[in-house]
Structure formats: C-alpha cells, structure tokens
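**Student:** What shape does this take:
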Amino acid sequence: MKTLKFTKMHGLGNDFVVVDAVNQDFDPLAAPLTRWADRFRGVGFDQLLVVEKTEAAGVDFRYRIFNADGSEVEQCGNGARCFVRFVADKGLTDKQEIVVETAGGIIRPKLLDNGLVTVNMGRPRFKPSEIPFVPLPAEQSDENALAYHVAIEQQVQVSCVNMGNPHAVMVVAAAAAAPVETLGAAIEPHTQFPERVNVGFMQVVDRCAVRLRVYERGAGETQACGTGACAAVVAGVRLGLLDAGVPVRVSLPGGDLFIEWQPEQDVLMTGPAETVFDGELHY
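**Tutor:** The predicted structure is shown next:
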C-alpha cells in the first residue's frame, strides 16, 4: 500500500489534484487516475498536476498534466496558476516568478502582490500542422487562414489556435445558449483533429470583453479553461472583433480571467488560484 500526499486546488472552479513528485515517489502512469478523478467515488478533479524535477538548464520545475480520463496533455492555463501557488506555498521555491517546463513548451507564471497570478503562456501557433488540424480539401492551400470548417452533420466554422494544446474557437451569438455538450462532444474527437481538441464557444460582448464556455479534451465542459481563454482572445483579435495589446475580460462559468495579446507577441493570462484542502491517498 502506497500513501500519496496531495493538495486540492482550483482556478475559477477548474479543479485540480496537485502532487509534489519532487519530495515523494510518484509514477502517474501507474496510478489509478480515473478512479481518483471520480467525483462520487474519489477525490474528483478535472486534471491532476504533477510537480517534478527538471534537467533543463535555466528551468525551475517540470509540470505534467493528466486529464480526468487518464490521458496526458501538453498544457493547462488554470493549472499553471495553481502550480506556482502550490510550489510557493509548499516552500519548493522562494521565487515569485518561476520558469516551468511543460510538454507544450516553457511557461513563466508569476505571483502578484494582490494574490492573483500572471502567466506568460508563450506565443500562439496557427498553421494546421501545428494545431494539429486537417483542413477540408478546398481549404488546404491557406496555412494562415483566420478560420476553417469542420465537417460534422453540417459544416461549422472554427478558428484554430495552438496554445501549447489544440483549440477550436467558435463565435456564437450567446454563450449561455450554445450547444456545448452536443457540438463540443462532436468536434472534440473529430478526425480533422488527430490529437483531439478543446472547443471554445465565444460570445463577443464588446471589444474588451467576451463570454466563453469550453468543452475540454478528455474532461468535458469545465468551469474555466485558461488556455481556452487565451485561444479565444487570440482568435477574436485575429478576426478583428477584439482589441490587441489590452487586457480582455473573459467571463467563464467559474469567473473572470484577463487575457492580453499583441500579434507576434506572447499571450499573458491573469487570474486567481485557490487552495481547497490537503489530503492523502492510499493505493
């Protein structure tokens, strides 16, 4: 029987189990993650976050992310904010800004004096091969298109953005009425997205504010999605719907994030990270 110490955290209701694998032995690939993720028979989480040592020069930690279905993914924005809060609170670092290695690239989360966390999420990528995404034959000639079509029962238009993980963003008239569960579930595993995709439903309120719901890859709809908020603002700026270079309020079911992006620059995300409780798992 093994004992694993963990911390339950959330970023705007997007909830996590965070594990310190620097000071305790933990192999996530050998752990019953789907059982722990069960909200009735386990702890319950959208993602499990693992803090590991890194061999990379100039990097403080390695950050691994596992969905509720057990799949490992490249990036998680809300998780990144919780990550820096966790390593600071647990005394794993005395830095306010850290450099973190993820499967989706290097990120730089920073604790602010007001308790919020800002994360430099890096630069978005748009080429279909970088998402990855397979355009329809009629659209394959333009690798810098602002939007493409996904062929389900009827074609739907999406803007494709890689924020360390793949996103498809749809502009909708009203986020509250968007068919997130049905349309999100249809697009997320679609064959045009070889590694599946996170699906965002964005309502533009004004040039500095949107409402957003996200159907996350491997988790379903969540209360908030940090990379989804970044992808939505990037898509909105590229489509000419949102202002560049200023904080855009992204209102998700769990609360608000502020995303700032200037084309050809990195994306900055600011929002809260909260600790819920510490516990132990026995397996």
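
**Student:** Low-confidence ranges, this structure, go.
**Tutor:** The chain contains no residues with pLDDT under 70.

**Student:** what are the ranges of the helices in it?
**Tutor:** Along the chain, counting by DSSP state H, helices occupy 33-37, 77-89, 185-187, 226-238.

**Student:** Quick one: residues contacting L92.
**Tutor:** L92 makes contact with D20, V22, N23, V51, F61, F86, according to CB atoms under 8 Å, 6 or more residues apart in numbering. The way it works is simple: take the backbone N, C-alpha and C, and place the C-beta from them, glycine included.

**Student:** Verify the stated contact: the first one with K90.
**Tutor:** Right, the one you point to is D20. Yes: judged on CB atoms under 8 Å, D20 makes contact with K90 at a distance of 6.2 Å.

**Student:** Single out the most deeply packed of the helices of the chain.
**Tutor:** Mean neighbours per residue, mean count of other CB atoms under 10 Å, is largest over the helices of the chain for helix 226-238, with a mean of 29.

**Student:** Between helix 77-89 and that one, find me the angle.
**Tutor:** 130 degrees (axes from the mean of the first three to the mean of the last three CA atoms, to 10 degrees).

**Student:** tell me how far helix 226-238 is from the chain's mean position?
**Tutor:** Computed by CA atoms, centre = their mean, to the nearest Å, the chain-centroid distance of helix 226-238 equals 11 Å.

**Student:** Show me what that helix is packed against.
**Tutor:** Secondary-structure packing of helix 226-238 (3 or more CB pairs under 8 Å, 6 or more residues apart in numbering; DSSP states H and E): helix 77-89, strand 155-162, strand 166-171, strand 198-206, strand 209-216, strand 248-252, strand 255-261, strand 267-271.

**Student:** Format those as TSV; extra columns: distance to T34.
**Tutor:** Below are those laid out as TSV (distance: least, CB to CB, whole Å):
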stretch	distance to T34
helix 77-89	18
strand 155-162	26
strand 166-171	22
strand 198-206	19
strand 209-216	16
strand 248-252	25
strand 255-261	27
strand 267-271	28
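
**Student:** quick one, which of those is nearest to E181?
**Tutor:** Proximity to E181 (CB to CB) singles out strand 209-216 among the helices and strands packed on helix 226-238, at 7.4 Å.

**Student:** and the closest one, which residues are buried?
**Tutor:** Neighbour-count burial for strand 209-216, counted by 16 or more other CB atoms under 10 Å, picks out V210, R211, L212, R213, V214, Y215, E216.

**Student:** Give me the sheet partners of it and which way each runs.
**Tutor:** Strand pairing for strand 209-216, using DSSP bridges, gives strand 198-206 (antiparallel), strand 220-221 (antiparallel), strand 248-252 (parallel).

**Student:** got JSON lines for those strands, with distance to P166 too?
**Tutor:** Listed next are these as JSON lines, based on distance: least, CB to CB, whole Å:
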{"stretch": "strand 198-206", "distance to P166": "7"}
{"stretch": "strand 220-221", "distance to P166": "16"}
{"stretch": "strand 248-252", "distance to P166": "18"}
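
**Student:** Reformat those strands as CSV; add mean neighbour count and distance to M9.
**Tutor:** As requested, the strands paired with strand 209-216 are exported to CSV (neighbours: other CB atoms under 10 Å; distance: least, CB to CB, whole Å):
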stretch, mean neighbour count, distance to M9
strand 198-206, 23, 20
strand 220-221, 16, 19
strand 248-252, 23, 17
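
**Student:** right, and the ones you listed - which one's nearest L33?
**Tutor:** Nearest of the strands paired with strand 209-216 (CB to CB): strand 220-221, 15.8 Å.

**Student:** Other residues contacting that closest one?
**Tutor:** With CB under 8 Å, 6+ apart, strand 220-221 has contacts from V180, E181, G184, A185, R213, V214, Y215.
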